[in-house]
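# Sequence plus the predicted model coming up.
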Amino acid sequence: MRPLVVALVLVSGWGAYHGYVHRDRHHPPGQIAPDEPRQRNIATSTPFRVGDFMLTPRAEFSAEARVLAKENYYVDAGAKLIPVDFAMGWGPMSDSALIERLRISQSGRFYFWGYSGEAPAPHEDIIRSSANMHLIPADPAVKQVLSAARVGDVVAIEGDLVDAKSDGGWFLKTSLTRDDSGAGACEIVYVRRASIRK
């Protein structure tokens, strides 16, 4: 077999395997992550360093939510600190009956949703029940869990909402509320513990 043919077969095989392993997980209708994220704001905190970044904790945070979309980042300014974003949903946004009527995507560190025809739910409910989360793994074990999570999984995360500042000068401020949208509405989570529930 020619080397080019062998290479094409290997690439095709790897693509098929990768697509199978990371395929979306499907669930019947019903809320599979009914509870809202839990948060306790921190009045004063001590910044800490992660590589070339200073992180300032703003709140203790935990959530058990459905992964609506997942995007890995490799080359943007924050990729070294924040390698992955999850769009996460809870309550009505963990219900396949609603999710399947929405178009959900991620791009450029934003999470987008839309629909055709009549709104499948009030916009306020969709906004309050989902968020784009910039996830900073605290250690390799957490990074492995986040890497293994698939769209449709229910993932539990615990850690801190943080503001992040790079030595190069850029600054990201975390959202501290679930009812905002647009630029500045993303949660930046320093994830100390993570597990895939279902």
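Arrived safely. Numbers count the residues shown, from 1 in each chain.
# Quick check: the gap between the residue lying closest to Asp76 once chain neighbours are set aside and Cys186.
Nearest residue to Asp76, sequence neighbours excluded (Cβ to Cβ, 6 or more residues apart in numbering): Arg109, at 7.2 Å. C-beta: built from backbone N, CA, C; applies to glycine. Note on Arg109: its distance to Cys186, by Cβ to Cβ, to the nearest Å, is 7 Å.
# and if you look at Val154?
Per Cβ to Cβ, Val154 is found 20 Å from Cys186.
# returning to what we had before: joint contacts of Arg109 and Cys186?
85, 132, 134 (Cβ atoms under 8 Å, 6 or more residues apart in numbering).
# surely the last one meets Ala79?
Just to be clear, that refers to His134. No. Contact status for His134 versus Ala79: not in contact, 10.6 Å apart, counting by Cβ atoms under 8 Å.
# Mind checking which of the two has more residues around it?
Using other Cβ atoms under 10 Å, the more surrounded residue of His134 and Ala79 is His134, with 23 against 12.
# Run the chain-centre distance for the strand or helix carrying the more buried one.
Per DSSP states H and E, His134 falls inside strand 130-137. Averaging C-alpha positions (Cα atoms, centre = their mean, to the nearest Å) puts strand 130-137 4 Å from its chain's average.
# buried set for the helix or strand following it?
Using DSSP H and E, the next helix or strand after strand 130-137 towards the C-terminus is helix 140-148. Residues of helix 140-148 classed as buried by neighbour count (16 or more other Cβ atoms under 10 Å): 142-143, 145-146.
# ok and the top strand by length along the chain relative to strand 130-137, angle-wise?
What stands out as the longest strand in the chain, according to DSSP state E, is strand 53-72. Between strand 53-72 and strand 130-137, the angle comes out at 120 degrees (axes from the mean of the first three to the mean of the last three Cα atoms, to 10 degrees).
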